[in-house]
Structure formats: structure tokens, C-alpha cells
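S.K.: Below are the sequence and a predicted model; questions follow.
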Amino acid sequence: MTEEIQPLASLEFIPYLDSEGKLPEFVQGKIGVYAIFDSDKILQFVGYSRDTYLSLKQHLVRQTECCYWLKVQIIDRPNRTILESIRSSWIAENGSQPEGNGADAAKWNDPIDTKTVMTAQEVANYEGIVADELAKDKLLKNVARRVENEIFLLLKARGVTEEIRFNPKLKTSGLLDLK
């Protein structure tokens, strides 16, 4: 079976969040390619997933201020070649690579590394811990909790009502990723 590539321009814009602060339910558990746009409908990222809903949730947490509009093409069966073809076609149609697929790819795809946003005091405290790995883990966990709270405030300001849970095991490494 071949999946026809729908031109990005032919797809309708879908609000990232509905009036109740939820992600579009029709993508739950669906395999697809999605384009994420900012509040000005400028393309930020094109991705694909075996569960589009979970991926959109992850992107919302990682890049809250860039996730306002969506365009989605759902496919019936997982096929990396088809998914990559659609993604490549949409990026080409856009005329330039979105930042999220280029320079900012890690911000969209990787767990949030809270070590990169440590305060000067947190860095000094961390560097002051010499041989106590447990103390380093505890400090990183506290930094992760601080950043997690900042993310929750951003999400609340956007009106997000989705349940968001971070993986507690990653916090001692200073990383935040959805569970």
C-alpha cells in the first residue's frame, strides 16, 4: 500500500490546544507526520511518530512557546520510508528547513538538560561538590524540580490541562522527560 503525500499547504491548521487545554484527541495512538507552527503560523518543526499524541505532548513541554498550530497527516501502518518522505516533502515545500529540524533539533527531540539552565549559585554549589556523587545527584534533582516548576507555570499560562508527568528517575541526572 502506498500513502499519498498530502502537500503541507493543502492541510488545515489545527489548534495545538483545544478550548479545554487538551491536545487533539484524533491523533491519539495514530502513526503520522506533523508540522508544528508558532503563534504566527510560522513552521517550527516537522516530525513523525508511531504515537503522534505522545510526541505532540513531549514537544509542548520542551518548546511551549513554539507550539500553537498543527498540520497532520495520519498513515495506516508504520513505514519509516513513507514517514520520512512526507517529512522531507513538507520541509522542501516550506522552502527552508525549520529551526527545529536544524540548529534547534536537540531542543525538540532530546530530554531537557537542566544543567544548561543552572543559576550561578547552583553551578558554584555543583562544582563545590568534589567526591560526593549522592550530593551531586541531590543538587541536580533540585535543579530539575525548579525547572519542572517553571515549565508547569508556562503550561498553566497557556491553559494546558493535559496531565504532565516527568520521569522521576531522570531527575537525578538533571534531565526532564515525560514518563
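M.R.: On my side now, so go ahead. Small disclaimer: the values here were computed from a predicted structure and weren't measured.
S.K.: max-length helix in this protein?
M.R.: Ranked by residue count under DSSP state H, the longest helix found in the chain is helix 133-157.
S.K.: OK, contacts around the residue nearest to the spatial centre of the chain?
M.R.: The chain has residue 59 as the residue nearest its centroid, 1.4 Å off, counting by C-alpha atoms, centre = their mean. Contacts for residue 59 (C-beta atoms under 8 Å, 6 or more residues apart in numbering) come out as 36, 45, 47, 66-67, 108. Bear in mind the C-beta positions are built from the backbone N, C-alpha and C, glycine included.
S.K.: sorry, back to before: what's the first helix or strand after the longest helix of the chain?
M.R.: Scanning forward in sequence from helix 133-157 by DSSP states H and E, the next helix or strand is helix 168-171.
S.K.: Need the residues that contact that next one.
M.R.: For helix 168-171, the external contacting residues (C-beta under 8 Å, 6+ apart) are 111, 140-141, 144-145, 148, 176-177, 179.
S.K.: Could you pick out the one among those with the lowest pLDDT?
M.R.: Ranked by pLDDT, those bottom out at residue 179, which scores 88.
S.K.: If I look at the residue lying farthest from the centre of the chain, what pLDDT would I see?
M.R.: In the chain, residue 131 marks the outermost C-alpha relative to the chain mean, sitting 34.7 Å out by C-alpha atoms, centre = their mean. pLDDT, residue 131: 87.
S.K.: Which of the contacts of helix 168-171 ranks first by neighbour count?
M.R.: Neighbour counts for the contacts of helix 168-171, by other C-beta atoms under 10 Å, peak at residue 144, which reaches 23 neighbours.
S.K.: sorry, back to before: just the closest of the contacts of helix 168-171 to residue 94, please.
M.R.: Distance ranking of the contacts of helix 168-171 against residue 94, using C-beta to C-beta, places residue 111 first at 26.7 Å.
S.K.: The closest one: what's its closest spatial neighbour, skipping adjacent residues?
M.R.: Distance criterion C-beta to C-beta, 6 or more residues apart in numbering; nearest residue to residue 111, sequence neighbours excluded, is residue 177 at 3.8 Å.
S.K.: One more: residue 117?
M.R.: Using C-beta to C-beta, 6+ apart, the nearest residue to residue 117 is residue 147, at 6.0 Å.
S.K.: which residues of this protein fall in strands?
M.R.: Counting by DSSP state E, the chain has strands at residues 14-15, 31-37, 43-49, 69-75, 112-113, 175-176.
S.K.: so which of those comes closest to residue 161?
M.R.: Closest to residue 161 of the strands of the chain, according to C-beta to C-beta: strand 14-15, at 13.8 Å.
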